[in-house]
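Chemist: Pasting a predicted model and its sequence here:
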Amino acid sequence: MSDEDKRRPLTKLAQAGRKPEWTGMPGQPGAIVSPPVWRASTILYDDVAHLRKAAGSSTHERLFYGRKGTPTAWSLADALTEMEPGAEGTMLFPSGVAAIACALMAVLKPGDRLLMADSAYDPTRNFCEQTLRGFGIETIYYDPQAVSLDVYLKDGPVRALFLESPGSLTFEVQDIPALTGWAKANGIVTLMDNTWATPLYFPALTHGVDISILACTKYIVGHSDVMMGSATATAQWFGRLRQTAYLFGQMVSPDDAWLAARGLRTLGVRLAQHRDSALAVARWLKDQPGVARVLHPALPDCPGHALWQRDFSGSTGLFGIVLEGGDEAARAALIDGLQHFGVGYSWGGFESLALPVDPARYRSATRWEAEGPVVRLHIGLEDPTDLIADLDAGLTRFRALRDGGRA
Ligand SMILES: *Cc1c(COP(=O)(O)O)cnc(C)c1O
């Protein structure tokens, strides 16, 4: 494997997960390029002895029963593992939220305390408040920009630290190496929602994270047509993660795994375009009347920009703008007339999206203070010149309504 480790990430994207036993026929020459869709519930055995033998051995990447997957899902999981240096393995889930929930269940037990970034994805918070709390697990929210979390150890031990960087909706960058170093020194397991950067632009495990979680729904799938999540863990945690996923009966359909694997092959070129187009749009927006701030980690004004520059090898297509004044109606006027942006949840597909977001509603340890309402943009693969013209007209509508009819 050490030879393989020298491959650069783009080479891995093209090669990962294509084991000969998944692309060829035993004893026959030739191989197809991509592992096909293996649909299965029942697996047939030669006889009782073989059935018993299968049940008594590890079922990881072995045909056993449909719930344990088939080569289609194993191939995708292996490819995601190869993309994350330091990883032992990856489990797949029917959504990003399912991956977050199961990873947390794998590391926590009743009585434990969990530190959660205050900027975390709001369904992650809901899981903590509505499910973990019921199991006697306490979630403590911390300022994502804090550099020391010692204060939280005063009231008792902490079991797990959850990171999300940049933060959902507000895009603060966390000091991941400092926080994972602190966690290791205190025997705390770290989990990170790495959906924004993906392992391509932020290999989380090499920065000390124990379990790296992706909403594959976003950039891995990349085409807005499949829901999926993944959790990739170090050797220390993968066994627990895998066992918990099995016990919860978590799996993905082979058709979805195949679509996600197809998406993964082009992750490199797609992200490069999302990155460049989003930067072009963000830099233009920064100087527009009506825009108070652009929340984009690659712009020098964004909180944590220096950390982003130090730790990440790229930025992606999702960022926010804080409008200068204006109300709900003025924000809606901006969004509703857009010709090239869809209005809807999710992101990471090839198409652009605009979403009104209200970060203040999902905070407890910090306060969100802003000059006006926030719009989150996902910059797709359209020509950025068209997107800029569209936003230009949108900002004109916004200012007209904000200023009471004066354009
Ligand atoms: C969308 C998203 C998730 C959840 O993924 P689903 O597949 O929609 O369940 C988790 N984290 C982040 C940062 C997301 O944007």
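Modeler: Cool, the structure landed. On a predicted model such as this, the values are computed, not experimentally measured, just so you know.
Chemist: and the closest residue to the ligand within the stretch 301-407 of the chain, helix, strand or coil?
Modeler: Closest to the ligand within the stretch 301-407 of the chain is Ser346: 5.9 Å, counting by C-beta to the nearest ligand atom. The way it works is simple: take the backbone N, C-alpha and C, and place the C-beta from them, glycine included. Three-state call for Ser346 (DSSP: H, G, I helix; E, B strand; the rest coil): coil.
Chemist: same thing with Ile100?
Modeler: Ile100 ends up helix, using three-state DSSP.
Chemist: ok, now how distant is it from Val343?
Modeler: Distance, Ile100 to Val343, by C-beta to C-beta, to the nearest Å: 25 Å.
Chemist: Near the ligand, which residues of the stretch 51-200 of the chain? Just list them.
Modeler: Listed as neighbours of the ligand in the stretch 51-200 of the chain under the rule C-beta under 6 Å from any ligand atom: Ser95, Gly96, Val97, Tyr121, Ser168, Asp193, Thr195.
Chemist: For the closest residue to the fifth one other than its chain neighbours, grab the count of nearby residues.
Modeler: Read that as Ser168. Counting by C-beta to C-beta, 6 or more residues apart in numbering, Ser168 lies nearest to Tyr121, which is 4.3 Å off, once chain neighbours are set aside. By other C-beta atoms under 10 Å, 20 other residues sit near Tyr121.
Chemist: for Asp287, same thing?
Modeler: 8.
Chemist: Grab the nearest non-local neighbour of the residue nearest the centre of the chain.
Modeler: For the chain, Thr195 is the residue whose C-alpha lies nearest the centre (C-alpha atoms, centre = their mean; 1.6 Å). The shortest distance from Thr195 to any non-neighbouring residue, by C-beta to C-beta, 6+ apart, is to Ala215 (4.4 Å).
Chemist: Quickly note the distance from the one you found to Val226.
Modeler: Ala215 is 11 Å from Val226, by C-beta to C-beta.
Chemist: cool, and Val97?
Modeler: Counting by C-beta to C-beta, the gap from Val97 to Val226 is 14 Å.
Chemist: Between the two, point out the one with more neighbours.
Modeler: Per other C-beta under 10 Å, whichever of Val97 and Val226 has more neighbours is Val226, with 22 against 19.
Chemist: got a list of what the more buried one touches?
Modeler: Cys216, Thr217, Asp256, Leu259, Ala260, Gly263 (C-beta atoms under 8 Å, 6 or more residues apart in numbering).
Chemist: was I right about Leu259 contacting Met227?
Modeler: No - assessed by C-beta atoms under 8 Å, Leu259 is found out of contact with Met227, at 10.5 Å.
Chemist: neighbour-wise, which of those two wins?
Modeler: Shown here are Leu259 and Met227; by other C-beta under 10 Å, Leu259 has more neighbours (21 against 18).
Chemist: How about Val375: which residues does it bridge to?
Modeler: When assigned by DSSP bridges, Val375 has beta-bridge partners Ile321, Pro356.
Chemist: neighbours around it, how many?
Modeler: Count around Val375 with other C-beta under 10 Å applied: 25.
Chemist: does it really touch Ile335, like I thought?
Modeler: Yes - the criterion here is C-beta under 8 Å, and Val375 meets it with Ile335 at 6.4 Å.
Chemist: Overlap of the contact sets of these two?
Modeler: With C-beta under 8 Å, 6+ apart as the test, Val375 and Ile335 both reach Ala354, Leu355, Pro356.
Chemist: Sketch out the helices for the stretch 151-300 of the chain, chain order is fine.
Modeler: For the stretch 151-300 of the chain, helices defined by DSSP state H, counting those that start in this stretch occupy the ranges 176-185, 198-201, 235-247, 254-265, 267-286.
Chemist: which residues touch Gly342?
Modeler: Glu351, Ser352, Leu353, Ala354.
Chemist: what would these look like in CSV with secondary structure and distance to Asp403?
Modeler: Conversion of the contacts of Gly342 to CSV gives the following (DSSP: H, G, I helix; E, B strand; the rest coil; distance: C-beta to C-beta, whole Å):
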residue, secondary structure, distance to Asp403
Glu351, coil, 31
Ser352, coil, 27
Leu353, strand, 27
Ala354, strand, 21
